[in-house]
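[1] Below are the sequence and a predicted model for it; my questions follow.
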Amino acid sequence: MNLLYKKLIPDMYANSIYDIDFENLKKRGITSLIFDIDNTLVPQKVLNPDRKVINLFKFLKSKGFKVCLISNNTTKRVNNFTKDTGVKGISWAIKPRKSAFYKALEMLDSTPDETAIIGDQIFTDILGGHRVGLFTILVRPLSSEEFGWTKIMRKLEKKVLKKV
Ligand SMILES: [Mg+2]
């Protein structure tokens with residue numbers, strides 16, 4: 001398997017953010033969590049985090065996890081989530097570029113080996129996470145209503161996942 005291909009394969013899969021075994025992550029030495037927003041926390045069209053998301057973040061903080069958000073979407077979009085959840089976030093991340101991931105690590109005061117990225121897209125969240133040495137968790141996208149570039153990438157993702 002070539003190197004790029006390896007970087008597309010998540011370390012862990014989960015049906016949703018609520019199905020992740022966070023205790024298991026703790027045992028692996030992971031203390032910091034970086035979440036994607038669109039189709040990971042809520043469907044892309046939903047403007048604000050729901051009660052379930054807010055409660056999950058509260059739970060994670062109570063368990064001692066450090067949490068932040070990283071999104072390729074706009075600052076306005078990200079602010080809706082940081083405001084209601086009380087965690088910090090990075091907008092216009094241009095994942096899979098590395099710079100925003102490094103910024104997130106700095107925000108969390110964490111090292112790559114103690115940090116996981118949780119997202120729904122292989123070519124942004126998983127690839128970007130692997131490029132900086134994070135533990136990567138792929139969740140099933142919450143909405144299949146997508147347009148343009150994302151749609152094309154989804155087709156490619158399906159091909160990659162078939163081979164795994
Ligand atoms: Mg996403």
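    Good, I have the coordinates. Residues are numbered from 1 along each chain as shown.
[2] For F35, give me phi and psi.
    phi -110, psi 140 (degrees, to the nearest 10).
[3] Is it in contact with T115, as I believe?
    No - using CB atoms under 8 Å, F35 is not in contact with T115, being 11.5 Å away. C-betas here are computed from N, CA, C, even on glycine.
[4] The two: which is more packed in?
    Under the neighbour definition other CB atoms under 10 Å, F35 and T115 were set side by side, and F35 has more, 28 against 24.
[5] if I pick the more buried one, what's in contact with it?
    Counting by CB atoms under 8 Å, 6 or more residues apart in numbering, F35 touches 17, 41, 67-70, 118-119.
[6] got it, and K66?
    31-33, 108-110.
[7] Cross-check the contact I'm expecting between L8 and F123.
    Yes - between L8 and F123 there is a contact under CB under 8 Å: 7.3 Å.
[8] Compare these two (neighbour count), which wins?
    L8 (21 against 18).
[9] which residues of the chain score low on pLDDT?
    Low-confidence regions of the chain, defined by pLDDT under 70, span residues 1, 144-150, 163-164.
[10] try 90 this time
    Within the chain, the segments meeting pLDDT under 90 span 1-6, 143-164.
[11] interface residues of it facing the ion?
    Selection of the chain residues close to the ion by CB under 5 Å from the ion yields 36, 38-40, 120.
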